[in-house]
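In: What would the 3D arrangement of this be:
(chains A and B)
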Amino acid sequence: DAGVIQSPRHEVTEMGQEVTLRCKPISGHDYLFWYRQTMMRGLELLIYFNNNVPIDDSGMPEDRFSAKMPNASFSTLKIQPSEPRDSAVYFCASSLADNLVNTEAFFGQGTRLTVV
Amino acid sequence: DAKTTQPTSMDCAEGRAANLPCNHSTISGNEYVYWYRQIHSQGPQYIIHGLKNNETNEMASLIITEDRKSSTLILPHATLRDTAVYYCIPAISGNTPLVFGKGTRLSVIA
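Out: Numbering: from 1, shown residues only, chains lettered A, B, ... in the order given. Here you go, the predicted model:
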């Protein structure tokens, strides 16, 4: 498997524009996580899904942020409208629920978002 | 409140063992100790985890104290490619959302 795939790797957009970040989890994984990393706040969980259903979105900073998982192989994180303070690296991660074997989270390479 | 306490930074000579400590005095009985690392410009990478027994894999060893209030990650022969930020994270399972602290920035020096 190619691992967790995120696109784009880099995004530069103007304030007020809509931004959509994409994630393809590892095939067969049933948990998907979105994190954001900034120098000031470090790595923070935004939202996570189990079997395509959002479980906890309390980390989503405000209504401008939304995330969807229409199927098991694709998720999006949308920011509308974007603001300069949204500039960060956004990571997607996936993991497999397995009661027999302890599991781990696999992270993508991240999307570096710059809002000017 | 921080769940873990780790040194901000550490240096290690290439080829030597790197010992990274972590205090997690409030860890729950059902929480594992997970270690991840983040190499510059990459996503975090799983290293190892344990509950109460010491663990070893191809990347590292994990030593957990008997009271489970602290642990040490050991990279037996550090290389330049081990330069990264190392995170110690208590979690119930690998499917639990990870709560990242500030971690330890390890610099391996030639």
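In: and the one residue in chain B that gets nearest to chain A, how many neighbours?
Out: Using Cβ to the nearest Cβ, the closest approach of chain B to chain A is made by residue B:43 at 3.1 Å. For glycine as for every other residue, the C-beta is placed from the backbone atoms N, C-alpha and C. Burial measure for residue B:43: 23 neighbouring residues, criterion other Cβ atoms under 10 Å in any protein chain shown.
In: Quick check: it touching residue A:90?
Out: No. The pair residue B:43 / residue A:90 is not scored as a contact, 10.4 Å apart, by Cβ atoms under 8 Å.
In: Overlap of the contact sets of these two?
Out: residue A:110 (Cβ atoms under 8 Å, 6 or more residues apart in numbering or on different chains).
In: residues touching residue 33, list them.
Out: Chain wasn't specified; assuming chain A. Residue A:33 makes contact with A:45, A:47-49, A:92-95, A:105, B:97-98, according to Cβ under 8 Å, 6+ apart.
In: looking at chain B here, not the other one
Out: For residue B:33, the contacting residues are B:22, B:24, B:27, B:49-51, B:62, B:64, B:68, B:71, B:88-90, by Cβ under 8 Å, 6+ apart.
In: helix or strand for it, which one?
Out: strand B:32-38 (DSSP states H and E).
In: helices or strands next to the helix or strand following that strand in the packing?
Out: Per DSSP H and E, strand B:32-38 leads on to strand B:45-50 as the next helix or strand towards the C-terminus. Strand B:45-50 sits against strand B:32-38, strand B:55-56, strand B:61-64, strand B:70-75, with contacts defined as 3 or more Cβ pairs under 8 Å, 6 or more residues apart in numbering or on different chains; DSSP states H and E.
In: is any part of the shortest one close to chain A?
Out: This means strand B:55-56. No. On the criterion Cβ under 8 Å from any Cβ of the partner chain, strand B:55-56 is out of touch with chain A, staying 10.3 Å away.
In: which residues are contacting that strand?
Out: With contacts defined as Cβ under 8 Å, 6+ apart, strand B:55-56 is touched by B:48-49, B:61-62.
In: out of the contacts of residue B:33, who has the most neighbours?
Out: Ranking the contacts of residue B:33 using other Cβ under 10 Å puts residue B:88 first, with 27 neighbours.
In: Please name the bridge partners of that residue.
Out: Using DSSP bridges, the beta-bridge partners of residue B:88 come out as residue B:35.
In: again with residue B:63
Out: residue B:72.
In: Output the helices and strands packed on strand B:45-50 as TSV; include the columns mean pLDDT.
Out: Below are the helices and strands packed on strand B:45-50 laid out as TSV (pLDDT from 0 to 100):
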stretch	mean pLDDT
strand B:32-38	96
strand B:55-56	96
strand B:61-64	98
strand B:70-75	98
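In: Arrange these in JSON lines, one row each, with distance to residue B:103 as further columns.
Out: Shown next, in JSON lines, are the helices and strands packed on strand B:45-50 (distance: least, Cβ to Cβ, whole Å):
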{"stretch": "strand B:32-38", "distance to residue B:103": "7"}
{"stretch": "strand B:55-56", "distance to residue B:103": "19"}
{"stretch": "strand B:61-64", "distance to residue B:103": "16"}
{"stretch": "strand B:70-75", "distance to residue B:103": "11"}
